[in-house]
Structures are given as structure tokens and as C-alpha cells.
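Visitor: Fold the following for me, if possible:
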Amino acid sequence: MIEPADVAQTRAAYDLVAEDYADLLRGLLAESAEDQAMLGAFAHHVLAGGGGAVADLGCGPGRIAGHLATLGLDVFGIDLSPGMIEVARRDHPGIRFGVASMTDLPLADGSLGGAVGWYSIIHTPEERQAGLFAEFARVVRPGGWLLLAFQVGDEVIHLTRAYGHDVDLDTRRQRPERVRERLAAAGFEAFAELVRRPVPPEKSEQAYVLARRA
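Guide: This next block holds a predicted model:
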């Protein structure tokens, strides 16, 4: 299978910015009550449903996986970028991390009690998101949970400079209603949704969708 050009661009960009990205975002979770609330709700539902392995898909430097581990989840991380995985393994040595694509996960069917896509669907073109969500549904067991976070909007933002580096990277804002529709088509039932106003330097509203595998 030929890898789409945007996938290679995304990997290259995050390999380049990995260290500076990790430094910039390291303390942000502690500053966002909404982030913590949605991650806490996700962890509660996974544990109440019997627990099981949880995947942080597009885990970056591992900050979300690290937080989920403190909430009692058996979490591991997967990311497209070897550079990000190197930072994640260094910063969170007690958590498993591996390099893989979210569109072709090296996981057995129904092997997860839950999965998180924390601002990781934003680089996948909308025409390929149905396949992406179908892959999420394949690995999350019936009754398991999925939490997505993303920026709200319709724009495709092309970045040429990010985290102190020259990059070539597209990020895509999403409409929560369209995300819910794609999730439903893949076999997820939307359970809760939160949209909050941007906090500088954010430029758009931020959305969180919590869904249950039907």
C-alpha cells in the first residue's frame, strides 16, 4: 500500500518538532479543567466497564497517556512519529509506546477497553476519516469507549512554522456533528460532548466527543 503524501509530511513534521513540542505542552493539562474532566469521565467509564487495555492513539510525547496512567488505566501509546515515541519513552518510562499508523493498528480485534484520539485526527483528510474510525471500532471491544479531542471549524490550516521549526503540515478543524455522524457509521454511539471557547493562544473552539462502541 502506497503511503499518502500527507502521512509522510505529518511524520516528518513531528519528528522535527518533538522535543520543543513536548517542552511547550508539558504543563498544559494541569491548566485545563475541561481536559481533565473529559479524560476523567473517559477513565471512569472504562474502569466501570471492566477496564482493559487503553490505547492513546497519536500519543505524541506521551503526556495524555501519562495522565491516564495516574487515573488507574492500563494505557499504552502509539504514534506515527519515531521522534515523538523516543521522547515519550524517555519522559514516561513506565508506559509502553510504539511506532505505528492509526489507520493500520497492530492490535487484535476487540482488544481494547478504550482508546483516545487527543488532537490526533486533525491531520487525516475528511474523506479518509470513515476508514480511520472503522479501524478504531475494530480494536475497541463492544461496550468500550473512545474519546476524541479536536479544534472546531471547517478550515484546513497549512503550517509552515511551528514550535520553532520550519514545517510543511496541514491541520484540519472539524465540526462535532460531522464527527458524530462518522462515529455512528463506524459503530460508535455518542455519549457526551463538550465544546469550549478558545483560550489564547488558541484561535478556535475546542471540542471533545466521548462515544461508546455499540
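Visitor: Against Gly72, how distant is Ala41?
Guide: Using C-beta to C-beta, to the nearest Å, Ala41 is found at 14 Å from Gly72. For glycine as for every other residue, the C-beta is placed from the backbone atoms N, C-alpha and C.
Visitor: who has more neighbours, those two?
Guide: Neighbour count, other C-beta atoms under 10 Å: between Ala41 and Gly72, Ala41 has more, with 17 against 12.
Visitor: what about the more buried one, helix or strand, and which?
Guide: helix 33-48 (DSSP states H and E).
Visitor: Could you quantify the relative orientation of the helix or strand following that helix and helix 33-48 as an angle?
Guide: On the C-terminal side of helix 33-48, the closest following helix or strand by DSSP H and E is strand 53-57. In terms of direction (axes from the mean of the first three to the mean of the last three C-alpha atoms, to 10 degrees), strand 53-57 departs from helix 33-48 by 150 degrees.
Visitor: looking only at pLDDT, what's the mean for the next helix or strand after strand 53-57?
Guide: Where DSSP H and E defines the elements, the next helix or strand beyond strand 53-57 is helix 63-70. Regarding helix 63-70, the rounded mean pLDDT is 96.
Visitor: Going by neighbour count, list what's buried in helix 63-70.
Guide: Buried residues in helix 63-70, defined by neighbour count with 16 or more other C-beta atoms under 10 Å: Arg63, Ile64, Ala65, Gly66, His67, Leu68, Ala69.
Visitor: Could you do stretch 129-141 as well?
Guide: Gln129, Leu132, Phe133, Glu135, Phe136, Ala137, Arg138, Val139, Val140, Arg141.
Visitor: list the contacts for the last one?
Guide: For Arg141, the contacting residues are Gly52, Gly110, Ser111, Leu112, Gly113, Arg213, by C-beta atoms under 8 Å, 6 or more residues apart in numbering.
Visitor: In strands, which of the residues you listed fall?
Guide: Under the assignment DSSP state E, these contribute Leu112, Gly113, Arg213 to strands.
Visitor: Dump those residues to a markdown table, plus neighbour count, pLDDT and distance to Gln206.
Guide: Output for the ones in strands among the contacts of Arg141, formatted as a markdown table (neighbours: other C-beta atoms under 10 Å; pLDDT from 0 to 100; distance: C-beta to C-beta, whole Å):
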| residue | neighbour count | pLDDT | distance to Gln206 |
| --- | --- | --- | --- |
| Leu112 | 26 | 98 | 25 |
| Gly113 | 23 | 98 | 25 |
| Arg213 | 25 | 98 | 24 |
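Visitor: Can I get those residues in CSV including distance to Pro200?
Guide: What follows is the ones in strands among the contacts of Arg141, written out as CSV (distance: C-beta to C-beta, whole Å):
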residue, distance to Pro200
Leu112, 35
Gly113, 36
Arg213, 36
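Visitor: if we can go back for a sec, can you give the contact residues for the helix holding Ala41?
Guide: By C-beta under 8 Å, 6+ apart, helix 33-48 touches 28-29, 52, 54, 64, 67-68, 71-73, 113-114, 116, 144-145, 147, 149, 191-192, 194, 196, 206, 208, 210, 212.
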